[in-house]
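[1] predicted model and sequence follow; I will ask about them next.
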Amino acid sequence: MITPVLPTYARADLEFEKGEGPYLFTVKGERYLDFGAGIAVNALGHAHPVLVSALTEQAQKVWHVSNIYRIPGQEKLARKLVDLTFADTVFFTNSGAEALECAIKMARRYHYAGGNPERNELITFEGAFHGRTLATISAGGNRKYMEGFGPDMPGFQHLPFGDMKALEAAIGPKTAGILIEPIQGEGGIRVLPGEQLRRIRALCDEAGILLVLDEVQTGFGRTGRLFAHELSGVTPDIMAVAKALGGGFPVGACLATETAARGMTVGTHGSTYGGNPLAMAVAEAAVGMMAAPEFLAHVRAIGLKLRQKLAMLADRHPAIIESVRGEALMLGIRTHVPNTDLVQALRDEHLLTVGAGDNVVRLLPPLIIDESHLDEAVEKIERACMTLEAQLAQAATAAQGAQ
Ligand SMILES: *Cc1c(COP(=O)(O)O)cnc(C)c1O
């Protein structure tokens with residue numbers, strides 16, 4: 001019999017009722033160290049007092065007003081994001097996929113407004129993840145997510161990740177732009193080298209097309225910079241963000257330059273909830289903290305330490321850990337065992353992590369962690385590696401006995 005909750009997730013049998021900083025507590029009172037952070041959402045940890053008061057203070061005033069009125073919280077947060085980034089203008093959404101939908105529409109509309117409506121195709125990449133709406137599964141690089149949901153939405157051309165030759169050849173008269181994650185998250189923490197992003201920017205400029213970045217997962221300090229593209233010195237024309245933006249309150253945004261947004265005039269796009277006063281109050285408080293230079297410096301320092309400790313673990317457990325990759329606190333462990341086994345072994349040690357493509361386990365801790373949390377996590381990873389090694393040894397003995 002089908003469950004009342006549509007069974008589209010293979011859920012772990014864990015129920016959390018409370019969170020505090022980087023910890024989650026189950027209904028039975030067991031404590032877990034959360035290095036998944038709701039998939040890079042709880043960047044400020046759980047129940048951050050500043051976010052709690054931003055939310056509860058706004059909740060006393062007004063929860064929702066339509067976008068047919070001015071919303072002061074939106075104006076304030078948009079101004080803040082514009083001041084902090086390449087962007088001149090911002091559209092607020094409730095999720096990452098909706099931010100991407102806005103970005104895709106904006107890219108097409110840019111060329112329509114410029115008299116080139118035939119430029120309506122975005123080039124995207126294998127391994128990419130842009131969300132679960134019809135347009136974003138068509139844009140994404142995982143064909144499994146499309147299965148049974150056809151017809152495929154036209155307007156996306158998929159290329160191998162990092163194949164610059166294929167990219168140069170693919171740009172044509174129908175190309176509207178290039179949509180890419182600076183570091184693929186779901187795809188397995190696959191880092192696009194800075195020189196490739198710079199080359200992609202140059203290709204866009206030469207062809208008169210748009211660079212659209214998906215920083216839904218990489219954004220707001222995860223990579224030690226406010227946005228991952230800052231690592232390469234390149235700026236996009238359009239950028240989708242979400243996840244950490246609300247620190248756990250559902251909110252996303254599509255940021256753009258004035259030029260890229262030239263087609264988005266009155267009536268061209270909308271959302272009932274997008275930019276809701278509750279979301280704006282929380283996001284403004286969250287961005288204020290995450291954009292602080294000392295906060296970002298902390299992420300870089302702690303990320304480097306975690307990376308070094310993981311490298312030592314990889315040396316000690318070569319049968320389990322193949323390699324470690326990523327940037328600051330967006331790290332992936334590529335493993336020799338099935339990644340689901342490592343996630344489970346870590347969960348048994350009360351460390352929460354997230355699987356990804358390419359047999360990778362993602363470490364996406366809250367950005368507020370300190371060195372004590374690193375040590376705790378590394379101990380748990382070490383114990384999980386030893387458990388898996390013992391299982392491998394047992395399996396090898398059993399196989400020998402069977403011969
Ligand atoms: C999570 C994610 C999305 C989709 O965001 P939702 O809020 O789940 O719609 C899009 N792009 C990237 C890179 C993501 O990590």
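    Great, that's in hand. If you're wondering where the values come from, they're calculated on a predicted model, not measured in any experiment.

[2] going by C-alpha atoms from here, please, whenever you check contacts or count neighbours.
    Will do.

[3] which residues of the stretch 201-350 of the chain lie near the ligand?
    Proximity of the stretch 201-350 of the chain to the ligand is confined to 214-217 under the rule Cα under 6 Å from any ligand atom.

[4] change it to 8 Å
    Remark: the part of the stretch 201-350 of the chain in contact with the ligand comprises 214-218, 240-243, 250-252, using Cα under 8 Å from any ligand atom.

[5] of those, just the buried ones, PyMOL syntax please.
    Per 16 or more other Cα atoms under 10 Å, the buried members of these correspond to this PyMOL selection:
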select buried, resi 214+215+216+217+218+240+241+242+243+250+251+252
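
[6] how about the strands in the stretch 101-250 of the chain?
    Secondary structure of the stretch 101-250 of the chain, counting by DSSP state E, counting those that start in this stretch: strands at 121-125, 156-159, 175-180, 183-184, 190-191, 210-214, 238-241.

[7] redo these as JSON lines? Include mean pLDDT.
    As requested, the strands of the stretch 101-250 of the chain are exported to JSON lines (pLDDT from 0 to 100):
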{"stretch": "strand 121-125", "mean pLDDT": "98"}
{"stretch": "strand 156-159", "mean pLDDT": "97"}
{"stretch": "strand 175-180", "mean pLDDT": "98"}
{"stretch": "strand 183-184", "mean pLDDT": "98"}
{"stretch": "strand 190-191", "mean pLDDT": "98"}
{"stretch": "strand 210-214", "mean pLDDT": "98"}
{"stretch": "strand 238-241", "mean pLDDT": "99"}
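
[8] and these as CSV, adding distance to Phe91?
    Below are the strands of the stretch 101-250 of the chain laid out as CSV (distance: least, Cα to Cα, whole Å):
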stretch, distance to Phe91
strand 121-125, 20
strand 156-159, 23
strand 175-180, 18
strand 183-184, 23
strand 190-191, 27
strand 210-214, 15
strand 238-241, 10
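
[9] and the ones you listed, which is most packed in?
    Per-residue neighbour counts averaged over each of the strands of the stretch 101-250 of the chain give the maximum for strand 238-241, namely a mean of 30 (mean count of other Cα atoms under 10 Å).

[10] doesn't Leu226 make contact with Val299?
    No - applying Cα atoms under 8 Å as the test, Val299 and Leu226 come out as separate, 10.2 Å apart.

[11] what's across from the nearest residue to His48 once chain neighbours are set aside in the sheet?
    Using Cα to Cα, 6 or more residues apart in numbering and skipping residues adjacent in sequence, the residue nearest His48 is Gly21, 6.7 Å away. With beta bridges defined as DSSP bridges, Gly21 has these partners: His46.

[12] quick one: contacts for Gly21?
    44-48, 366, 368 (Cα atoms under 8 Å, 6 or more residues apart in numbering).

[13] make it 10 Å
    When contacts are counted by Cα atoms under 10 Å, 6 or more residues apart in numbering, Gly21 is found next to 33-34, 42-49, 366-369.

[14] before we move on, the earlier item: common neighbours of Val299 and Leu226, please.
    With contacts defined as Cα under 10 Å, 6+ apart, the residues adjacent to both Val299 and Leu226 are 290, 293.

[15] looking at those two, which one has more neighbours?
    Val299 (25 against 22; other Cα atoms under 10 Å).

[16] three-state assignment of the more buried one?
    Secondary structure state of Val299, per DSSP: H, G, I helix; E, B strand; the rest coil, is helix.

[17] pLDDT score assigned to it?
    You'll see Val299 listed with a pLDDT of 98.

[18] tell me where the stretch 101-250 of the chain has helices.
    With DSSP state H, counting those that start in this stretch applied, the stretch 101-250 of the chain shows helices at 134-139, 164-170, 194-207, listed in chain order.

[19] would JSON lines of those with mean pLDDT and mean neighbour count be doable?
    What follows is those, written out as JSON lines (pLDDT from 0 to 100; neighbours: other Cα atoms under 10 Å):
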{"stretch": "helix 134-139", "mean pLDDT": "98", "mean neighbour count": "24"}
{"stretch": "helix 164-170", "mean pLDDT": "97", "mean neighbour count": "13"}
{"stretch": "helix 194-207", "mean pLDDT": "98", "mean neighbour count": "16"}
